[in-house]
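S.K.: Pasting a predicted model and its sequence here:
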Amino acid sequence: MVEGIGIVLLKLAFVLLFVLNFGGLLTWVERKQSALMQDRIGANRASIFGIRLIGLFHTIADAVKMFTKESFRPVAAEKFLFTIGPGISVFFALVGFAVIPFGDVLIIGGKEINLQLAPLNIGVLYLFAVAGMAVYGVVLGAWASKNNFALLGGLRASAQMISYEVALGVTIIGSLMIYQTVELQEIVRWQGGTLWGWLPKWGVLMQPVGFILFLTVGIAQSKRVPFDAPEGESEIIGYFLEYSGMGFGMYMLTDFVETVMISAITVTLFLGGWQVPYLMADGFHFPWGATWQLENWAVALLQVGSFTLKVMFFLWLQMTIRWTLPRFRYDQIMRLGWKYILPISLVNILITGLIITLLK
Amino acid sequence: MNIHDKYKPLTFWEKLYLPAIISGLWLTSMHFFRNLTLHILRALRLRKTADGAVTIQYPEFLRPLFPRLRTMHRLTKRDDGTPRCVACMMCETVCPAKCIYIIADEKLENPEIEKMPESFDIDLGLCIFCGYCVEACPVDAIRMDTGILEISNLTRKGMVLDMETMLNLEPMQDRYVKYTKEGEIVSQEYLKQDLSK
Amino acid sequence: MSEKIISKFFDIEDSHTIEIYEKHGGYETIRKVLKQWTPEQIIEEVSNANLRGLGGAGFPAGRKWSFIPKDSPKPKYLVINADESEPGTFKDRYVIDHYTHGLFEGIMIASYAIGAHKAFIYIRGEYIRQTERLVEQIEAAYEKGYLGKGIFGSKFDLDLIVHRGAGAYICGEETALLESLEGKKGWPRMKPPFPAIEGAFHSPTIVNNVETLAYVPTIIKNGADSFANLGSERNGGLRLYSISGHVKNPGVYELPMGIPLREIIYEHAGGLENGNGIKAVIPGGSSSPILTPNEIDVNMDFDSLAAIGSMLGSAGIIVMDDSTCMVRALYVVTRFYHHESCGQCTPCREGTGWAEKVLKRILDGAGRPEDVDNLVEIADNIIGNTICPLGDAAALPIQSYVKKFREEFEYHVREGKCDVKGQ
Amino acid sequence: MEFCKAAKTECDKIIAKYPEKRAAMLPVLYLAEKEFGHISPEVEKYVGKLLDVPPVKVHEVMTFYTLIAAKPRGKYHFQICRGLSCDLKGCVKIIDYLSEKLGLSSDETSDDLMYTFTPVECLAACETAPMMQLNEDYYGNLTKEKIDDILKENS
Amino acid sequence: MPKITIDSTEIEVEKGTTVIQAAEQIGIDIPRYCYHPGLSIVGVCRICLVEIERMPKLQVACYTPVADGMVVHTNNEKVQQARRAVLEFLLINHPLDCPVCDQAGECWLQNFYMQHGLYDSKMVEDKVKKQKALPIGPNVMLDSERCILCTRCVRFCDEITETHELGIFNRGDHTELLPYPGQELDNKYSGNTIDICPVGALTDKDFRFRTRVWYLTETPSVCPGCSTGCNINVHHNDHRPYKAGGIRVSRLKPRYNPDVNQWWMCDEGRYGFTQVDADSRIVAPQKKTRGDWQLLSWQDAIDEIATKIKGILKKHGADAFGVILSPQMTNEGLFAAKRFFQETLEVENIDFEVVAREKGYADDFLMKADKNPNSEGAKKIGLSAVDNSGLEVAQMLADAKDNRLKALYICHHNLEKGFKKEEVKEALSKVDLVIFQGTNQNSTSNLANYCLPSASFVEKDGTFTNFAGRVQEIHKAVEPLGESKPDWTIFRNLSKRLGKSMPYFEAGDVFNALAEEVDAFKGLSYEKIGEHGVLLNGHRASTEKEMGALVA
């Protein structure tokens, strides 16, 4: 029992460290990547004893600043809701990771450890449920500010998130029809197989349209460019207008955590999660017949590494998109969500169903 | 009238949007990878030039300022050292940020002037550097050519400039671009600084 | 043509004394008038004689007198305008010097005609000798009983008072004159009411020029027609022309109304000095628009001059020969009006000073191309917008000089110097 | 500050001539000028009292007219005409000459109170241009020589 | 009555009306400088030129009387050109020192230039120099260069005050407005010259450079300086409060009322508003404990005072209670006081009149010896001792001295103005409870046990009744200083605490109740008062009577 709790705590620590570090580092990535894309140098000034470490200390500086800055609260604000708003937001962004599998099974001392925090058999549904809650953090924060601009930002945010919530669910139905399960570990395992003996059965190949749609919707869910109509702090003023210090920091963090989250879900659903091509539980089995036996811990390591790399790739992709595309207008966001993504997803489901039926 | 008429109708590929996104992503990605490589090479001392970035390293290297740039305010003086300001409060009136506070004083010893500020404060914490005060001033008493851009303070009160301070500021000519009569920029030494140092 | 009424006294020695005047038939008319004439008859006679105000405005004298309200309980006053200040005019001085009692007789007849028992001679302050002469002769007249209670043994009382001005051109304007007479500064009054209704001391007042009144005895004596026939239509009789400037014989000439200007210059004033040609002529005091040599065949009466855009005014003729710089001439004229503007109403007060400064600048060689048009605009803006005619008087010369000698002004502006020889 | 007896009588006589006291302003000012040399503020107040007029109105009149002296004037007052007719006849040279001779510029009085030099606008004696007025008398057809003679006579 | 057409509007006006007045009646504003309805017409500025058909020249609208069938054009090309010309001429020698000039913002030269001028200056010559910044009197500063010689001020001093301080000297463009050498512009109405000066030639020493006029807000009110009750506008600085160092009311300006003060007001009233922002203002209820003043909340103050009053009334009866109201109070304050003291407390010793020992200055124009704005109102409401068969003020003090008076409620008065200092001190020291209610501290308030802060006349709505029985409204211009409240609110609150509530929520409610109850006010209502006030019953409108012998 104690052992079990210990393992869960370890896994929890791993996931939280994984997520929060990625989230924190993303602020650095954001700066540096955009700089590289724009022929700039990027943040490099923060230094400790003269060591600058290519700007990595900025992350720390940010954190210090966020914590020490005056946390300002408007006189008219709803005290309680204003305070907990950012917390709600960041909480629901984090808890989604509970169901993401980051490896298969690790055997330590004969004990099988499922490399997933919470092996829920309704994994995908849980994800959506949690994602659905994220909107509360935003809306509560916006409304509790008692600032009309913030409220408008909040309304834009909630309209956008709720709209895309629908699309989010619909886009992956095609995939789920193929996987025949909603348990994420199962979905990943399903993708371990090959097609015609050599092509990994990753979701992106099975559902290319679903993949693109899901990615789009996912980015929209994270409220970042090009879907940042709720925020747009420099032009249209966002829902966290009245927040400063850590309150603001938590909203920022939410965005980044959601970015990681979207990457993780995308990887899990469409890129084979922790799967490494041709890597079975006992080692590699290449299509041309060669095999390479590996210990269980090595396999697990490769799997976790594979998952991490894939997530990182998607983070990079999302950053690239964020620094490439201009912001959609609010009406464009709505139109895209309801008039294009949703119908296309439905058609995708139809076609998938048709093919599945035909193949049977 | 449909205002979109004037636009060329989008082709199918354009309407699809994705190819455009991908080509955009391609462009930015190429920059990313090229610069990433160059930066790494430079970090490993394999390259010396500063390719891959156009950034000027600000506190070490200063860009020349263009004459239209509005920097911190100063008050000009008459020949006898008194402020040129006549406390007409035009700047205060026009100021959209309401950050100028003038209290006028009567100077009867010189009836040609008659009026001078007793105090003249600008709260830089509120100032939006629109330059309206300079435009509005009928006697050229306030200018924004000190070249001072780094304005920060630990207290709100410290952000308030008083008359004494502003009178003692000088225009920072060196930092401004100079033009030839034909309007060409002659002084560009800052732009030509070698960034590899 | 040889008929002379006033000027025949100019050459008679001591013609200002009662004795000499009476020797030449003086004071006969007034005695007759006091006995036989009614005021209405006098007014009618003067009207028929086409006698017009010779001070400058040319308003028919008889008609002016008839404006006096008959039934007003207030005293009536006659004010004689001897504030002769228009540059180029000096005839009144001759009248006062030599035809003193003729003037008095005219005053008596006019006072009788309008029912005034007090008459004021408002004489310009610089005429100190003339003032002395008037005071002296008035005393003499009082002694003889020609003035004072029951003049000439009649029941008509008349006091004549000499009031010396103090150096203000504006006081030649009748309402300013009345203000000055009342002991105020000479600011012209708004009209209406006209002085004939409410003038000096809030009472009906007639203001007449010295010369106008000096002709009255002759008119009454010889009859309206004989006087009217001497002049042209609607411009009765003779008048005194003052001529000065570049002529051989400057002076005062008594000639019929409507005589051609050329004749006055060449026949009576002896033509120009040094055989120079005429460049310009001012026909009626410095305020009248200037005439060019091809306009000097004009007849010198009120209507003919008005027809060619000038005016007879006080008939002060100033002749300028071809060595004259018109810019300088205009500057001198404008300086005069600037100096004499009373300062009451805005356009004249500010406009005259401005015009003078602009002209001074042009003269000093610092003129700008737009100055010439600017001068005309200043003048245009003054004309008609002031209380009294001084504004117009200052503006009319500017308009006419610039119009007729524009090239000279432009040359001055362009080259910074004068293009006339000898300047 | 008060008129002497003779002047007072004279003044009363002048005032009696007019229907209103105030009308005697100019004659009384002239009289006062003769009596006191010039019209000082005290004289103004006195004249105002004589004529029942606020002193400010006396001051208005005094500053309005050019012939009434607010400051002491010289024994010989040269008023030299610079009107149009005189200007045409070259009065500028005469004015400069006289100014130089007297050592005075416009509107100045010599320190010994002998001479006052004032160029004035038209004096209405254009037939004798260039001309001037010395105290009460007109002098016409001026030349430099004539100026010399006049100065010799009056010194 | 002549019928004339102005800018194609036909109007029938009284005979003798001038064109400018006729145009005003139909809302056409012809620009003017020298014309002032209260002064003689001189027509010197020439800006009001209009075109009248069948007249060869433009005519000055201020001087030309209307004639039947006249057709006037006030804004055609020719007129506009003339106006532009006049403005150009006026600005030739006018210094362009608007930034320094205190008149900027309410300067007619500026305004008309913006409306009718807007030409580019062709003037390059030097301007004529005249005297600048010349103090010509205790209140007035002259800048002769700025003067456009409209002569309004000269006419004011000649015709209205007949003091003849100012004159127009010299002539031509050297004409200059100056006071007579050696004389000061120090008549009792000199401030009006500043009001009527259309430009910045005459400026107010008291107001000069304190603020700029466009920061000011104006609120119509009535001068509380004497019983004439001149109509005024209170100019208060809402937008730049830091400017004046806490002085909220910048200046008072007369407001036109044909029946009371026409266009004028006296300097005493004009500059007599300083107590409004003075340091001596009582800003919170306070109570004296062992010689020191201690601040209280309103709640506590009312509680304590009510308890004490109750105690005294119970112990000594109503005869031991004296009330000295003040004619400085509004009708509303007085009426609320009457109800509170007479009905709630059933006190009879009520009086308001403290005759000042020093007689105030009075003349036959605007200034009255009674320096209270509402004596007539207090009388009419029935608050003099005679009406109540109670004690007079003097008697109250005498009673107090003899220990017969146990409580005294004093409003606003400084009793030392009417009685000897020692007398007041002795009397008040023997009274158990002295409550002072007023705007400012004075030597009487220092002798009190309680001080209640009352709002000053610029801080409340209400009405005054002037000496001729004209009820005129004052309006709240600024918020009451500190904790101060209008008098009637204090009495209402006290009354409520003592068991009898008054259903008043604003000044108008009190006045309407007053109008119902008091005969002299019968038939009036707060809504009916209007900007020029209304007369009480039994008073006949008579300009002459109200204004004294005003020189027409």
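M.R.: That came through fine.
S.K.: Let me see the contact set for residue E:345.
M.R.: Going by Cβ atoms under 8 Å, 6 or more residues apart in numbering or on different chains, residue E:345 touches E:309, E:313, E:318, E:321, E:498. In short, each C-beta sits where N, CA and C put it, glycine included.
S.K.: Looking at those residues, state which has the most neighbours.
M.R.: Comparing these by number of neighbours (other Cβ atoms under 10 Å in any protein chain shown), residue E:321 comes first, having 26 neighbours.
S.K.: Can you lay out the contacts of residue E:345 as a markdown table showing distance to chain D and secondary structure?
M.R.: Putting these into a markdown table (distance: Cβ to the nearest Cβ, whole Å; DSSP: H, G, I helix; E, B strand; the rest coil) gives the following:
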| residue | distance to chain D | secondary structure |
| --- | --- | --- |
| E:309 | 61 | helix |
| E:313 | 64 | helix |
| E:318 | 62 | helix |
| E:321 | 58 | strand |
| E:498 | 63 | coil |
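S.K.: hmm, stretch C:39-59 touching chain E?
M.R.: No - against chain E, stretch C:39-59 shows no contacts by Cβ under 8 Å from any Cβ of the partner chain, the least distance being 15.0 Å.
S.K.: Endpoints of that stretch, how far apart?
M.R.: End-to-end distance of stretch C:39-59: 19 Å, with Cα to Cα, to the nearest Å as the criterion.
S.K.: in it, what's buried?
M.R.: Neighbour counts using 16 or more other Cβ atoms under 10 Å in any protein chain shown place C:39, C:42-58 of stretch C:39-59 among the buried residues.
S.K.: In helices, which of those appear?
M.R.: Here DSSP state H is the test, and these give C:39, C:42, C:43, C:44, C:45, C:46, C:47, C:48 as lying in helices.
S.K.: Which residue is the nearest non-sequential neighbour of the second one?
M.R.: Spatial nearest neighbour of residue C:42, chain neighbours left out: residue C:113 (4.0 Å); criterion: Cβ to Cβ, 6 or more residues apart in numbering or on different chains.
S.K.: The fourth one now?
M.R.: Spatial nearest neighbour of residue C:44, chain neighbours left out: residue C:62 (7.1 Å); criterion: Cβ to Cβ, 6+ apart.
S.K.: Now for the one you found: which residues touch it?
M.R.: Residues in contact with residue C:62, defined by Cβ under 8 Å, 6+ apart, are C:43, C:44, C:45, C:46, C:47, C:48, C:49, C:51.
S.K.: try residue D:56
M.R.: When contacts are counted by Cβ under 8 Å, 6+ apart, residue D:56 touches E:164, E:165, E:166, E:167, E:179, E:180, E:183.
S.K.: Name whatever forms a beta bridge with the fifth one.
M.R.: Counting by DSSP bridges, residue E:179 is bridged to residue E:166.
S.K.: Would you quantify the distance from it to residue A:132?
M.R.: With distances taken as Cβ to Cβ, to the nearest Å, residue E:179 is found 85 Å from residue A:132.
S.K.: give me every residue that touches whichever residue of the stretch 51-200 of chain A sits closest to chain B.
M.R.: Of all residues in the stretch 51-200 of chain A, residue A:54 sits closest to chain B, at 7.6 Å by Cβ to the nearest Cβ. Residues in contact with residue A:54 (Cβ under 8 Å, 6+ apart) are A:32, A:44, B:43.
S.K.: Next: residue C:150.
M.R.: Here residue C:150 is in contact with C:156, C:157 (criterion: Cβ under 8 Å, 6+ apart).
S.K.: hang on, the earlier thing: now the ones in helices among the buried residues of stretch C:39-59 in TSV, with pLDDT and distance to residue B:104?
M.R.: Shown next, in TSV, are these (pLDDT from 0 to 100; distance: Cβ to Cβ, whole Å):
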residue	pLDDT	distance to residue B:104
C:39	92	70
C:42	93	71
C:43	93	68
C:44	93	73
C:45	92	74
C:46	92	69
C:47	91	69
C:48	90	74
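S.K.: just the helices in the stretch 51-200 of chain E please.
M.R.: For the stretch 51-200 of chain E, applying DSSP state H, counting those that start in this stretch gives helices covering E:77-92, E:108-112, E:152-155, E:191-196.
S.K.: Determine the set of other helices and strands touching the third one.
M.R.: For helix E:152-155, the helices and strands in contact under the criterion 3 or more Cβ pairs under 8 Å, 6 or more residues apart in numbering or on different chains; DSSP states H and E are strand E:166-169, helix E:191-196.
S.K.: Residues of chain D that sit close to chain E?
M.R.: Residues of chain D lying near chain E (Cβ under 8 Å from any Cβ): D:41, D:54, D:55, D:56, D:57, D:59, D:60, D:63, D:64.
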